[in-house]
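**Q** Next input, structure requested:
(chains A, B and C)
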Amino acid sequence: METTNGHDKKDKKEKKEKKEKKEKKDDKKAEEADEKEKKEKKEKTETAETGDAAKKEKKDKGEEKKEKKDKKEKKDKKEKKDKANKEPKEKKDKKDKKDKKERREKRKLRKEQKLKQLADQRKKAHKIGLKGSKMLASKKRKAPAQSQTELKVLLKTEDDYEPVNRWWEREDGAESGKRGAKKWDTFEHHGLLFAPDYEPHRVPLIYDGERVELPPEAEEIAYYWTSVKGTPYETKDIFMKNFWKTFKEVLPKGSKIKDFKKCDFSLMADYREAERQKRLNRTKEEKEAEKAKNAKETEWFSYAIVNGVREKLGNYKLEPPQLFRGRGEHPKQGLLKKRTFPESVTLNIGETACVPKVVGMPGHAWRDVVHENTVQWIANFEDGLLTESKYVSFAATSGLKGQPDMLKYDRAKRLVRIIGSIRTSYEKMWTSRNVADRQKATATYFIDKLALRVGGEKDTEEEADTVGCCSLRVEHLKLTPPQTIHLDFLGKDSIRYTNSVEVAKQVFDNVQGFIKGKKQEEQVFDKISPADLNEYFKNFMEDLSAKVFRTYNASYTLQDELNKFDVSKRSQLSQEQLLQFYNDANRQVAILCNHQKAESKGHAQAMEKMKLQAKEIEQTYKRLKTHLHRLQEGKASKEAEGQKLPKDAEGTKKKMMEVKLRLHKHRTNMETREANKTVSLGTSKVNYMDPRITVAFCKKVDLAIERVFPKTVRTKFPWAMHFKSTYVFE
DNA sequence: TTAATCACTTAGTACTACTCAA
DNA sequence: TTGAGTAGTACTAAGTGATTAA
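**A** Next up, the predicted model:
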């Protein structure tokens, strides 16, 4: 048990007294500093305003008042201090506390007054500024820009800024970023924004050549169908079948609509298109006004306050009803994803916070309200179709998302240090007598070398049939001796992965052994699951799992590619060329992780056009070359006039250089476009590559960070921006 | 021990606003 | 000035991995 002796008590008393003295001193200092700042700011502001006599008088009067006020305050303070000194210790302590509180409140009040005063001044100054500018305009416009700029600078107060939430500098960051850790003590938000009601348009459907007006319920489903017009869903069998099933269910009894093929939705589709055009044709002002109106309406919902700090939310708008657009061969695509009502929503909020009202849905109520401070969601709701619940959480720019994200890159960085021992381990294990161990080692090899996802089990009746490493089937592999494996399967989002790799001889032999005697639809790694692999990884690092390998691989590859940059040639390169170098590195990562995108509609056509343009440029160059020869032989004058060619050899040479450069630029452009036609660079940038590597590279070669990180990415990684050019991912 | 659930990250698509060359 | 192409962003589907329940 802890004990306290007399000496300790004395020490404590002394310390306490010292502390109190210090606090008093600090309070006084703070007050003085406040006053000084106030005075200075006021002086500056007022000087900047106009400087005319009337204003000065006001200022003088104001100062007089302020001085009187100051004196009074000082007098009050002195009196209190004297009085306090005379009082007994206990009373004095109480009194001190009370005084401190009072002082705090006074300071707060003064601050508010100051802010109000400054805001008033700003309003005044704005008026004066306007007046001033008009006056100046009539008087030869004497440097109006300068005086106005000054006003702007001086009139900014703390009112104009929100303190930066430097969550990455918090000492408890590493702990609070972990899953299951306490996220908040106080937590409030305004609930969710429900999707607007469907508004019937009464545009008929044409059935078998006849116009049929549908009841609102059926019209709504039919109208959703027109939203997939022009997309691949329109012609997909599962989608059509499921839509028809949904549509039939809402048709009135005895409806003559019996056959999907006889349904013509074109009038509705035209109506949708007309509405879209109407929106597109709005004037700039109309668009801006609507944007501002929407922003005002949604602002209320878009932030939460976590431990007193404002944090941006992500998907606070609930998903509107629509036909489900599952990827690949998802068995449920085309079915209706129903509207979400408050009765399907559970809110998570601080115990002492006000439970937000259900806005726009009179008579409805939240399903439940909970106070879970170990999770990062503000609400969860049942999906209107799938048997899962979805979460409403914070934006990627928030601290709550940023903290674990930052830890993710540190985890991948720690993997760099132990990857050697992991490789030694699995290379030893791949010859084990135990099949499960051999499979574990071989699967780890694929995850390590090819950055494959781990590949969990899936319910193919509810989801599309896609696979990852552990769920690979015999049909997905082809083996070519001595040691090449061809992979061809549909991965996440039904994106096709094709790759032919020369693997280690032992890996080749193992895979050959695993698939021997198995049917095409049987699993290659039938003795292991993702959980087994993750358990194995825990032997090397407490928080290592299969997905860390992808982060590690992406970051390592990026750094490796960027290291190829020859700094000695830096001065010869433009920002465009530097950007291209970076994007090439980024592309290597995207290819490794198999990040794809659909080829844009006009790609082939655009490429054809570019090829023609390239030919034209080539011809121009040839023509110039011939022209130069003729000029040198003294024959070219007539042709030069007809074709607008330069009149002398020097001019022609100069023109030739220009055309050559243009051709080079054009060809590079074509190559890049072709190389990027199905490669998506953004996914690895946002999710996989350690941002510090990019920041360091940009600083090293003097490439503007905005060229590689758009605003959203920059605000997602504020913690990475201050790293130096010497940062290394190792 | 296995399956189900929960909580989170990763992913491509669709749309809009912006940019730049013709 | 226009229109094609691109960048940026909102949206939401589809993964992973830890925890809980059976």
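**Q** tell me the SS of the residue of the stretch 601-730 of chain A at minimum distance from DNA strand B?
**A** Closest approach between the stretch 601-730 of chain A and DNA strand B, counting by Cβ to the nearest atom of the strand: A:Thr683, at 3.7 Å. All C-beta spots, glycine's among them, are computed from the backbone N, C-alpha and C. Following DSSP: H, G, I helix; E, B strand; the rest coil, A:Thr683 is assigned to helix.
**Q** next one: A:Arg211
**A** strand.
**Q** I figured it hits A:Pro204, correct?
**A** Yes - with contact defined as Cβ atoms under 8 Å, A:Arg211 reaches A:Pro204; the gap is 4.2 Å.
**Q** Comparing these two, which residue is more hemmed in?
**A** Of the pair A:Arg211 and A:Pro204, A:Pro204 is the one with more neighbours under other Cβ atoms under 10 Å, namely 15 against 11.
**Q** what's the pLDDT at the more buried one?
**A** A:Pro204 carries a pLDDT value of 94.
**Q** What's the separation between it and A:Gly468?
**A** According to Cβ to Cβ, to the nearest Å, A:Pro204 stands 48 Å off from A:Gly468.
**Q** Following the record's annotation, map out the domains of chain A.
**A** Domain assignment of chain A by the TED database yields the ranges A:431-544, A:560-634+A:644-720.
**Q** With mean pLDDT, distance to A:Val309 and mean neighbour count added, can I get these in a markdown table?
**A** Below are the domains of chain A laid out as a markdown table (pLDDT from 0 to 100; distance: least, Cβ to Cβ, whole Å; neighbours: other Cβ atoms under 10 Å):
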| stretch | mean pLDDT | distance to A:Val309 | mean neighbour count |
| --- | --- | --- | --- |
| domain A:431-544 | 94 | 27 | 17 |
| domain A:560-634+A:644-720 | 86 | 14 | 16 |
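**Q** possible to save those as JSON lines with distance to DNA strand C?
**A** Formatted as JSON lines, these follow (distance: least, Cβ to the nearest atom of the strand, whole Å):
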{"stretch": "domain A:431-544", "distance to DNA strand C": "3"}
{"stretch": "domain A:560-634+A:644-720", "distance to DNA strand C": "3"}
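**Q** Ok, which of these comes nearest A:Tyr223?
**A** domain A:560-634+A:644-720 (24.1 Å; Cβ to Cβ).
**Q** So what's the gap between that closest one and the chain middle?
**A** Between the centre of domain A:560-634+A:644-720 and the centre of its chain there are 26 Å (Cα atoms, centre = their mean, to the nearest Å).
**Q** can you count the residues close to A:Leu415?
**A** A:Leu415: 23 surrounding residues under other Cβ under 10 Å.
**Q** likewise the one 10 residues further on?
**A** Per other Cβ under 10 Å, the neighbour tally for A:Ser425 reads 16.
**Q** That one and A:Gln439: what is the separation?
**A** Counting by Cβ to Cβ - A:Ser425 and A:Gln439 are separated by 15 Å.
**Q** Equivalent analysis for A:Pro646, please.
**A** 72 Å.
**Q** try A:Ile378
**A** Distance from A:Ile378 to A:Gln439, by Cβ to Cβ: 42 Å.
**Q** okay if I get the domains of chain A as CSV plus distance to A:Val358?
**A** Listed next are those as CSV, based on distance: least, Cβ to Cβ, whole Å:
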stretch, distance to A:Val358
domain A:431-544, 31
domain A:560-634+A:644-720, 31
